[in-house]
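A.B. asks: please find the sequence and the predicted model below.
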Amino acid sequence: MKLEKLSASEEEAMIAIWKTGPGFVKDFLQAMESTDIPYTTLASIIKNLEKKGYVKSEKFANAYRYSPVAKQAEYRKKYMQGVVSNFFQSSYTELVTFFAKDKKISTQELKDIIKLIEKENK
């Protein structure tokens, strides 16, 4: 499946779908960070996600239950590589340095990351 870049509202909906798992529009609405989105707008966004192949639907009486088809890890990997390439000269060191300077990542978190990398390389 070819994963195309999603709009901000589509990404927000997909995050709710990934977090919830199979469910109905009302379930995803409850799981979303911004609760000011109208039900009908979210339903339209989810229909678009279905057309793009990110979710599939099953009809239950008068409603549709949606399930994620695209894997969150695959989407994250594909588009994080683009962010690193476009904004950090393809350097993950630059990315981590940016967050460290902006105080978005602590020394302890960096140490934990180093431990994880060392563990993976054994």
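C.D. replies: Perfect, I can see it now. Numbers count the residues shown, from 1 in each chain.

A.B. asks: ok, the residue lying closest to Asn48 once chain neighbours are set aside to Leu3 distance?
C.D. replies: Excluding its sequence neighbours, the residue lying closest to Asn48 (C-beta to C-beta, 6 or more residues apart in numbering) is Glu10, at 6.7 Å. Glycine gets a C-beta too; all of them are placed from N, C-alpha and C. Distance, Glu10 to Leu3, using C-beta to C-beta, to the nearest Å: 12 Å.

A.B. asks: mutual contacts of the two, please.
C.D. replies: Tyr54 (C-beta atoms under 8 Å, 6 or more residues apart in numbering).

A.B. asks: contacts for the strand or helix carrying the residue nearest to Asn48, please.
C.D. replies: Using DSSP states H and E, Glu10 maps to helix 8-20. The set of residues external to helix 8-20 that reach it, using C-beta under 8 Å, 6+ apart, is 6, 23, 27-29, 31-34, 37, 41-42, 45-46, 48-49, 52, 54-55, 66, 68, 70, 72, 75.

A.B. asks: out of those, which sit inside strands?
C.D. replies: 55, 66, 68 (DSSP state E).

A.B. asks: is it true that the first one touches Tyr66?
C.D. replies: Pointing back at Val55 there. Yes - counting by C-beta atoms under 8 Å, Tyr66 is a contact partner of Val55 at 4.6 Å.

A.B. asks: need the residues touching each of these two.
C.D. replies: With C-beta under 8 Å, 6+ apart, Val55 and Tyr66 have common neighbours 17, 46, 49.

A.B. asks: mind naming the longest helix for this protein?
C.D. replies: Looking across the chain with DSSP state H, the single longest helix is helix 72-87.

A.B. asks: okay, buried residues for that helix please.
C.D. replies: Tyr75 (16 or more other C-beta atoms under 10 Å).

A.B. asks: and for stretch 2-21?
C.D. replies: By neighbour count with 16+ other C-beta under 10 Å, stretch 2-21 contains the buried residues 6, 9-10, 12-18, 20.
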